[in-house]
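Q: Using only what follows, build the 3D model:
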Amino acid sequence: MAESLTKRFGSVLAVDSLSFALAHGTITGFLGPNGAGKTTTLRMLLGLAAPSSGSASIFGRPYSELERPALRVGAVLEATDFHPGRSGRDHLRMLSRAASLPDARVEEVLRLVELDGAAGRRVKGYSLGMRQRLGLAAALLGDPELLILDEPANGLDPEGVRWLRDFLRAFAADSRTVLISSHVLAEVAQTVDQVLIINRGRLVVEASLAQLTARVGASVRVRTPERAKLQQALQRERIEITTVDEQGLLVHGASCATVGDLAFAAGVPIHELVAEGSSLEDVFLELTSEPQP
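A: Modelled structure (predicted):
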């Protein structure tokens, strides 16, 4: 989808030789700190900005070369692209007619995003969360194969966030694909299959969520009344440890099974043995704080 994608704004290198591909039928989280180049990348994928070099393609072709792109791709880059005096229904009707879609599809997507009860109201009276749903409804008009969403949970209440997560999971389960840019890392961790992290316009990591959270910082918390004895056994194996309290240790770079076996061999009773994997936020902060070449 992106191959050596690069974008310069004068002397500023916003996206630097970025390459990645999306797996069919998955949800990919596109993460990075503010100014990392996420929105610029999405704009190039959608033909809204021209790359300085490299290429961006969707289904093997530039977006501008897709026939009836609304039937292949749905996108929401911001939830402010509405005429404030127009109703939600009229906004969608305008878009559907421009794409040669029937008005009946408008009613379908309004029900799909649970906005049918407010469809007759003017958009200027919508909350940010309602505008997010209206934007998603617009993206769904053509029943696309791919959704590209920039910060779709912004403005949603907890119930709305849960609804969005369930909706995206069902969408991907129907052999469709989602690319979702977000700063809500805890929410992304409950939604995505794959993760792309960029920093300063460059790809930091591309991995499955499971691979990423297992990549750094995994540890085992152990409690024993014979902490010193267990500490010596672990140190003999050159396993890194951190003292927590009189009975607790945090063991780094070893599994629960390894710690349990060493404790058993040393005759040390164990009162607690718990794996503590890194959260997505932990991994994100560690990876994006790494110095970039």
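
Q: How are the strands of this structure distributed by residue range?
A: Per DSSP state E, the chain carries strands over the ranges 2-9, 12-20, 27-31, 53-56, 73-76, 146-150, 177-181, 194-199, 202-208, 219-223, 240-243, 248-252, 272-276.

Q: With distance to H91 and mean neighbour count as added columns, please give those in JSON lines.
A: No exception for glycine: its C-beta is placed from N, CA and C like everyone else's. Shown next, in JSON lines, are the strands of the chain (distance: least, Cβ to Cβ, whole Å; neighbours: other Cβ atoms under 10 Å):
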{"stretch": "strand 2-9", "distance to H91": "30", "mean neighbour count": "18"}
{"stretch": "strand 12-20", "distance to H91": "31", "mean neighbour count": "18"}
{"stretch": "strand 27-31", "distance to H91": "26", "mean neighbour count": "26"}
{"stretch": "strand 53-56", "distance to H91": "28", "mean neighbour count": "16"}
{"stretch": "strand 73-76", "distance to H91": "13", "mean neighbour count": "23"}
{"stretch": "strand 146-150", "distance to H91": "18", "mean neighbour count": "22"}
{"stretch": "strand 177-181", "distance to H91": "23", "mean neighbour count": "23"}
{"stretch": "strand 194-199", "distance to H91": "31", "mean neighbour count": "24"}
{"stretch": "strand 202-208", "distance to H91": "36", "mean neighbour count": "17"}
{"stretch": "strand 219-223", "distance to H91": "50", "mean neighbour count": "21"}
{"stretch": "strand 240-243", "distance to H91": "56", "mean neighbour count": "14"}
{"stretch": "strand 248-252", "distance to H91": "53", "mean neighbour count": "18"}
{"stretch": "strand 272-276", "distance to H91": "47", "mean neighbour count": "12"}
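
Q: For K124, find the nearest of those.
A: strand 73-76 (18.8 Å; Cβ to Cβ).

Q: quick one: average confidence on that closest one?
A: Model confidence over strand 73-76, given as mean pLDDT, is 96.

Q: Check stretch 34-44 too.
A: Mean predicted lDDT for stretch 34-44 stands at 93.

Q: i'd like the first residue to be 31 from this point on
A: Okay, residue one is now 31; in that scheme the one you just asked about reads as stretch 64-74.

Q: check contacts around V304.
A: When contacts are counted by Cβ atoms under 8 Å, 6 or more residues apart in numbering, V304 touches 250-252, 286.

Q: could you redo the last one with a cut-off of 6 Å?
A: Contact analysis of V304 by Cβ atoms under 6 Å, 6 or more residues apart in numbering lists R251.

Q: So what pairs up with it in the strands?
A: Using DSSP bridges, the bridge partners assigned to V304 are R251.

Q: now it: how far from F294?
A: Separation of V304 from F294 (Cβ to Cβ, to the nearest Å) stands at 17 Å.

Q: Then W193?
A: 48 Å.

Q: For those two, indicate the residue with more neighbours.
A: Neighbours were counted for W193 and for F294 using other Cβ atoms under 10 Å; W193 has more, 15 against 12.

Q: Domain ranges for the chain, per the record?
A: Split into domains by automatic domain parsing, the chain comes to 32-243, 249-306.

Q: do you know which of those lies nearest L317?
A: Taking the domains of the chain one by one with Cβ to Cβ, domain 32-243 is closest: 5.0 Å.
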